[in-house]
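Undergrad: Here is a sequence with its predicted model. Questions after.
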Amino acid sequence: MSNLKPDSVIACLDCPDHVQAVLKASMWAATRLQVPIGLLHSVPSLQQKAAVNYSGCLNIDDENTLLEQFTNKEHLSNCELKAQGKLLLHQATTYCEQQRQKLKTYTLHRHENLSESIDYVDDEAQLIVIGHHVTCKSTLSRLIRVSLCPILVTHAPFLPPTTALFAFDNSPTCHKMLNWLCKTPLIRALTVHIVMVGKENSENCDALREAYARLKQAGIKSKKALLDCRDVTAALNYYQTENDIGLLMSGAFGQSRLRELLQGSDTEKLLVSTQTPYLLFPKA
């Protein structure tokens, strides 16, 4: 029987350099959403898999010595992989408890790859948190592209944001995300800059004004900006830097595959370029 709890924040621990950042981001989100945190670790069931170095990622008591013993081996058996995963999950649980957050945590130890694990939690989770550098064969963009759940990608260290940039392009995905933002407690305390990159024509002005009004009506402190620029990524990065905005938000891969092929994906470019947490909403 599965112990997956509905509406949880799922913390993906499959990124050694970002385990602590993922946990901090998950605690930040779970506190605002008032939901439990599911600590997820995925281990493909493969014999003689090379060890992943998790030692030192949380610095919990003497358990790092045990993690180092796994790391010093060139290959791990299935039993050793499971033991390493359980130890990491125990460290993560202890870390969350030490933060003195009144949050419930539980563990999900999956014997499959990260892509399959995300697919497993997708329908039930409220938010998935993942580090910027994943260890699995799937790229970060592939994991995000197939997800049905909002995903928060974080660098290390994670800094709780006070402001957010909502990249609005008037697409169906962005309107779906707008509806979600107006309802979720996640960004309720933030100042949201809704920013559109495009020509300053009546269609864009009207769409931006209506979206901005929706946020204001929902009680969210907001600002709006229309940037006339051909390079969407450069314009958003510049605006975010100039205004010292701590969280980027957008729809995930809202462009057609043909346009992505010809011009490149804005989502892919933003994943590479942004240095702040990035909240992506699944394509409508």
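TA: Everything's here; your move. Numbers count the residues shown, from 1 in each chain.
Undergrad: roughly how far apart are residue 111 and residue 93?
TA: Counting by C-beta to C-beta, to the nearest Å, the gap from residue 111 to residue 93 is 19 Å. Bear in mind the C-beta positions are built from the backbone N, C-alpha and C, glycine included.
Undergrad: for residue 208, same thing?
TA: Using C-beta to C-beta, one gets 44 Å for the distance from residue 208 to residue 93.
Undergrad: higher neighbour count, these two?
TA: Ranked by neighbour count (other C-beta atoms under 10 Å), residue 208 and residue 93 place residue 208 first, with 20 against 17.
Undergrad: quick one, what contacts that one?
TA: 168, 170, 194, 196, 224, 226 (C-beta atoms under 8 Å, 6 or more residues apart in numbering).
Undergrad: Repeat that for residue 154.
TA: Contacts of residue 154 by C-beta under 8 Å, 6+ apart are 18, 21, 22, 25, 129, 130, 131, 132, 277, 278.
Undergrad: Return the set of residues that bridge with it.
TA: Note on residue 154: beta-bridge partners by DSSP bridges are residue 131.
Undergrad: how much space between it and residue 212?
TA: Distance from residue 154 to residue 212, counting by C-beta to C-beta: 27 Å.
Undergrad: cool, and residue 112?
TA: From residue 112 across to residue 212, the span is 43 Å (C-beta to C-beta).
Undergrad: Which of the two has more residues huddled nearby?
TA: Per other C-beta under 10 Å, whichever of residue 112 and residue 212 has more neighbours is residue 212, with 22 against 13.
Undergrad: what's the pLDDT at that one?
TA: At residue 212, the model reports a pLDDT of 98.
Undergrad: what's the nearest residue to it if we skip its chain neighbours?
TA: Leaving aside its chain neighbours, residue 212 sits nearest to residue 224 (4.2 Å; criterion: C-beta to C-beta, 6 or more residues apart in numbering).
Undergrad: pretty sure that neighbour contacts residue 207?
TA: No: applying C-beta atoms under 8 Å as the test, residue 224 and residue 207 come out as separate, 10.8 Å apart.
Undergrad: Overlap in contacts, those two.
TA: Shared contacts of residue 224 and residue 207 (C-beta under 8 Å, 6+ apart): residue 196.
Undergrad: got the contact list for stretch 93-111?
TA: Here stretch 93-111 makes contact (C-beta under 8 Å, 6+ apart) with 3-5, 8, 10, 20, 23, 27, 30-31, 36-45, 58, 60-61, 82, 85-86, 89, 92, 116-117, 120-121.
Undergrad: gap between the two ends of it?
TA: One end of stretch 93-111 sits 19 Å from the other (C-alpha to C-alpha, to the nearest Å).
Undergrad: now that stretch, how far from the centre of its chain.
TA: 18 Å (C-alpha atoms, centre = their mean, to the nearest Å).
Undergrad: again, but for stretch 149-163
TA: Put simply, stretch 149-163 sits 6 Å off its chain's centre (C-alpha atoms, centre = their mean).
Undergrad: can you pull the buried residues of that stretch?
TA: Using 16 or more other C-beta atoms under 10 Å as the test for burial, stretch 149-163 gives 149, 150, 151, 152, 153, 154, 155, 156, 158, 160, 161, 163.
Undergrad: tell me the two of the residues you listed that are most distant?
TA: 149 and 163 (23.8 Å; C-beta to C-beta).
Undergrad: coming back round to it: right, and the pair among the contacts of residue 208 with maximum separation?
TA: 170 and 224, at 13.0 Å, using C-beta to C-beta across the contacts of residue 208.
Undergrad: neighbours around the closest residue to residue 155 other than its chain neighbours, how many?
TA: Excluding the flanking residues, the one nearest residue 155 by C-beta to C-beta, 6+ apart is residue 132, at 5.1 Å. For residue 132, the number of neighbouring residues by other C-beta under 10 Å comes to 20.
Undergrad: now do residue 8
TA: Residue 8 has 26 nearby residues by other C-beta under 10 Å.
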